[in-house]
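[1] got a predicted model here, sequence first, then my questions.
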Amino acid sequence: MRPSLLDRSRTRVGRPDGEGLTGSVERAVWAEQLGYERFWVAEHHGVPGIASGSPPVLMAAIGAATSRIRIGSGGIMLPHHQPFVVAEQLRMLEALNPGRVDVGLGRSSGFTPPVRAALREAADAPDRFADDVRELRDHLTGAGTVTVRPQGGPVPMFLLATGRGIALAAELGLPVVVGGPVLWSDELPKALAGYRRSFVPSSEQDRPSVVVSADVHVADDVKTARELALPEAWAIAVSRRTGEFPPLESPASIRAQAWPDQVRRRVETSLDHAIAGDAATVRRTLEHLADRTGADELLASTSTWDREALRAADTALRALV
């Protein structure tokens, strides 16, 4: 599997939010030096633990700091945007970074009711996602009713999908990105077989393509790797209890707190879903994942409290794939 990174611009307790963004830029620079395929950023709104609310702005900063690695977003949430405006943003980015820009498209809603209200999301709004993807593609390929400027080279599109989204990717002839708990579900191999079987080649993509996204922590041993994965697992568990996704905390701070039984169970579940271990363990798990999905690319969504440890984990992962 080709190796790529998804960085969510995670914030950290006691540190300015802006460090989440400058950290993303710094990580993209070292990802390029390590030879990663692409570097994607995230879109989250009003989330204390994530600084990236405007992927195109962050992509522009990363493009200016790098020269070869592909840049994109995993993803841009189309329900929050007008396809024509997204097309203009991507066209500008492609003109500034020729041949380096792609985009993952998602359909997630705002994390909380106030965020959804701020984004003007109506609970009874019709599902326009498939139509919006088609419209965006028309704008990017020059088939739209209005010509998007500046004109330039292709901007490959990927669909972030689970369930029916996988079928939509096949119908539209787009690469599909799968991640989260569905990655280990018994139904995924069947869904991906259906995707490949029903894939309709498009002018942009002539064959099916699968990208798998997972948290991957490579360390000297399994215990150390799971400790690296703990801050993210803790944040997920806390968000389920409080309704707010928090900044990362250090493992020492987490260990010093009370762990309600429900939080403990959720932390353990998250750690079990992460790919964490020494090089040999991670290699075996990735080989198993490649076998069961037939994926062409790994999009590692790794995050941890210590940035130097994150860099070491990225370096170790690149040595494996």
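    Cool, got the structure.
[2] switch to C-alpha atoms for all contacts and neighbour counts from now on
    Noted.
[3] how deep is the residue lying closest to D306 once chain neighbours are set aside tucked in, by neighbour count?
    Leaving out its chain neighbours, the residue that sits closest to D306 by C-alpha to C-alpha, 6 or more residues apart in numbering is S250, at 7.7 Å. As a burial measure, S250 scores 17 neighbours (other C-alpha atoms under 10 Å).
[4] tell me the phi and psi of S250?
    With angles defined as degrees, to the nearest 10, S250 sits at phi -70, psi 150.
[5] so who does it touch?
    Going by C-alpha atoms under 8 Å, 6 or more residues apart in numbering, S250 touches 231, 305-306.
[6] isn't A95 right up against G152?
    Yes - applying C-alpha atoms under 8 Å, one finds A95 in contact with G152, separated by 6.3 Å.
[7] on that earlier part again, which of the contacts of S250 are buried, as a ChimeraX select command?
    Remark: buried members of the contacts of S250, expressed as a ChimeraX selection using 16 or more other C-alpha atoms under 10 Å:
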select :231,305
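[8] how about the strands in this structure?
    For the chain, applying DSSP state E gives strands covering 2-6, 38-41, 70-77, 103-106, 157-160, 176-179, 210-214, 216-218, 275-277, 297-300.
[9] between those strands, which gets nearest to E244?
    Between E244 and the strands of the chain, the shortest gap by C-alpha to C-alpha is with strand 70-77, which sits at 19.5 Å.
[10] okay, now the unreliable bits of this structure?
    163 (pLDDT under 70).
[11] geometrically speaking, which residue is the centre of it?
    What sits nearest the mean C-alpha location of the chain, by C-alpha atoms, centre = their mean, is G74, with 3.9 Å.
[12] got the contact list for the closest residue to that residue other than its chain neighbours?
    Of all residues not flanking G74 in the chain, G104 sits nearest, at 4.8 Å (C-alpha to C-alpha, 6+ apart). Shown in contact with G104 (C-alpha under 8 Å, 6+ apart): 72-76, 157-160, 177.
[13] do P154 as well
    99, 140-141.
[14] filter the residues you listed down to the ones in helices?
    Among those, DSSP state H puts 140-141 in helices.
[15] re earlier: go ahead and confirm the residue nearest to the centre of the chain touches L6.
    Yes - with contact defined as C-alpha under 8 Å, G74 reaches L6; the gap is 6.9 Å.
[16] overlap in contacts, the two.
    Joint contacts of G74 and L6 (C-alpha under 8 Å, 6+ apart) are 40-42.
[17] could you dump those into TSV with distance to S67 added?
    Below are the shared contacts of G74 and L6 laid out as TSV (distance: C-alpha to C-alpha, whole Å):
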residue	distance to S67
W40	15
V41	17
A42	20
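[18] please report the distance of the residue nearest to D306 from S303.
    Noted for S250: a distance of 12 Å to S303, by C-alpha to C-alpha, to the nearest Å.
[19] same question for L160.
    L160 sits 19 Å away from S303, going by C-alpha to C-alpha.
[20] over to L119?
    27 Å.
[21] what does G74 give?
    Distance from G74 to S303, by C-alpha to C-alpha: 15 Å.
[22] thinking again about what came up before, most tightly packed of the strands of the chain?
    Of all the strands of the chain, strand 216-218 has the most neighbours on average by mean count of other C-alpha atoms under 10 Å, namely a mean of 29.
[23] give me the contacts around it.
    Contacts of strand 216-218 (C-alpha under 8 Å, 6+ apart): 225-226, 228-229, 274-279, 282, 300-302, 313-314, 316-317.
[24] please apply the same query to stretch 203-214.
    For stretch 203-214, using C-alpha under 8 Å, 6+ apart, the contacting residues are 156, 170, 173-180, 183, 195-196, 199, 201, 274-275, 293-302.
[25] just the endpoints, please. Distance across that stretch?
    In stretch 203-214, first residue to last residue: 29 Å (C-alpha to C-alpha).
[26] next one: that stretch to chain centre, how far?
    15 Å (C-alpha atoms, centre = their mean, to the nearest Å).
[27] do stretch 155-175 as well
    For stretch 155-175 - counting by C-alpha atoms, centre = their mean - the centre lies 15 Å from the chain centre.
[28] would you work out how far apart the start and end of that stretch are?
    The first-to-last residue distance of stretch 155-175 comes to 13 Å (C-alpha to C-alpha).
[29] picking up where we left off before, who wins on neighbours among the contacts of P154?
    L140 (27 neighbours).
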